[in-house]
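J.: Structure for this input, please:
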Amino acid sequence: MPHARIRTFTERLTEAEAAAAMGSDRPEAAAAMRSEHPERAEATGSGHPEGAVEATHSEDPGKSALDEAATVFVGVRRQLFGIAYRMLGSAAEAEDVVQEAWLRWQSTDRTVVLDPPAYLATVTTRLAINVAQSARVRRETYVGPWLPEPVDTSLDPQVGAERGEAVELAVLLVLEKLTPTERAAYVLREAFDYPYEQIAAILETGQANARQLVSRARRRLAAERREPVDAGEHRRLLEAFLAAARTGDLAALEELLAEDVVSYSDGGGVRGASRIPVLGSVRVAKYLAAFAPRFWPGAEVEWVEANGRPAVLVSHEGRAVALLAVDASARGIERIMWVMNPAKLDGYVRSRSGSREAPQVP
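T.: Numbers count the residues shown, from 1 in each chain. I've put the predicted structure just below:
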């Protein structure tokens, strides 16, 4: 994703606006901290700790300002990725957003930034909103069902957040139905525990509207997704499903599936995956039974973790061909998600080995 796509979005985001966005109780004073008025920076009365204005200055005279900026950025990078990934459902796009945030951080007058992590979170959120707006248009022409790009959460279960919310594949899939601002408000509140005052400032809206955005998102999620089972039951159901799917056992499949189950196969137009979702327990079971003789012989199966839940990585001749994940409730398996798009699979495999290329910071 070219950086030019997201450069156009937060041009109006000044250091002062970012500081105000992250909780200053005197926005009119924070606004005075624009780079053309640095002499007023110490008069903000914003309640930040003494010396916060100079937070990006190094006390080591041998350390350059850019080195200090890189140190600050690296310290919050996982959080920034966590925000962008939950907003976009794409690790690749999230990394592009984080890279753009780094470029902006380099060119910012950092001496007037009261709270560098807050500033960077604001920049990242606004950039992600922009990308989400353009992604909605691109996904209208996506070939077949679109599924979020999975990430390995075995080492970072919360994906940079305060809580592990809004990271499961099924939740990210439902979040796609929200507007970008609803999604941002929900992510900041539920995963990162931001107060409504800060959410409102980041989204440039009032606190009442920020609360309403989060409330609408919660209602949508509650309407679209039943209460999930715990991790142990989830694993048991996925194990039973895998055994039945590999043998094409129709009766066992129908017993495991919720009546209105949906099976999504995301091949991105480059694999022989179903280009429409398959609905209903009977149709899904028959589809899987017909699929089994062509897909499972010779397959290598590896249990992995993806987005906070057990999943199955399927390979043929040493190359990953699918990541199988499910969403399950007390009724049984509600959603079956087959991630088969090679770009998404390759990214997941690289993330498991720790070789996914991160945005470069000097």
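
J.: Run through the neighbouring helices and strands of the helix or strand harbouring Leu80.
T.: Following DSSP states H and E, the helix or strand that holds Leu80 is helix 65-88. Where contact means 3 or more Cβ pairs under 8 Å, 6 or more residues apart in numbering; DSSP states H and E, helix 65-88 is packed against helix 91-107, helix 116-139, helix 180-186. Quick note: C-beta positions are derived from backbone N, CA and C, even for glycine.

J.: how many other residues sit next to Arg219?
T.: Here the count is done by other Cβ atoms under 10 Å, and Arg219 has 10 residues near it.

J.: Of the helices and strands packed on helix 65-88, flag the one that's most buried.
T.: Highest mean neighbour count among those (mean count of other Cβ atoms under 10 Å): helix 180-186, with a mean of 24.

J.: Contacts for it next, please.
T.: With contacts defined as Cβ atoms under 8 Å, 6 or more residues apart in numbering, helix 180-186 is touched by 86-87, 125, 128-129, 132-133, 136, 166, 175, 178, 199, 202-203, 205, 210, 213-214, 216-218, 220-221.

J.: got the CA positions of stretch 247-262 in CSV?
T.: Backbone C-alpha positions of stretch 247-262 (Å, rounded to 0.1, in the frame of the first residue of the first chain) are rendered in CSV as follows:
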residue,chain,number,x,y,z
THR,A,247,-13.2,-38.0,6.7
GLY,A,248,-16.3,-36.3,5.2
ASP,A,249,-18.4,-37.6,8.0
LEU,A,250,-21.8,-35.9,7.3
ALA,A,251,-23.6,-37.0,10.5
ALA,A,252,-20.7,-35.8,12.7
LEU,A,253,-20.4,-32.5,10.9
GLU,A,254,-24.1,-31.8,11.2
GLU,A,255,-24.0,-32.6,14.9
LEU,A,256,-21.2,-30.1,15.4
LEU,A,257,-22.6,-27.2,13.4
ALA,A,258,-25.1,-24.6,14.5
GLU,A,259,-28.2,-24.7,12.3
ASP,A,260,-27.4,-21.3,10.6
VAL,A,261,-23.6,-21.8,10.4
VAL,A,262,-21.7,-20.0,7.7
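
J.: The stretch 201-350 of the chain: strands as residue ranges?
T.: Using DSSP state E, counting those that start in this stretch, the strands of the stretch 201-350 of the chain run over 257-266, 278-279, 300-306, 309-316, 319-329, 332-339.

J.: which residues sit in contact with Asp230?
T.: Contacts of Asp230 by Cβ under 8 Å, 6+ apart: none found.

J.: low-scoring pLDDT stretches of the stretch 51-200 of the chain, where are they?
T.: 51-63 (pLDDT under 70).

J.: list the contacts for Leu228?
T.: Leu isn't right for residue 228; it's Pro. Residues in contact with Pro228 (Cβ under 8 Å, 6+ apart) are Glu168, Ala170, His234, Asp327, Ala328, Ser329.

J.: do that again at 10 Å, thanks
T.: By Cβ atoms under 10 Å, 6 or more residues apart in numbering, the contact list for Pro228 reads Glu168, Ala170, Val171, His234, Arg309, Asp327, Ala328, Ser329, Ala330, Glu334.
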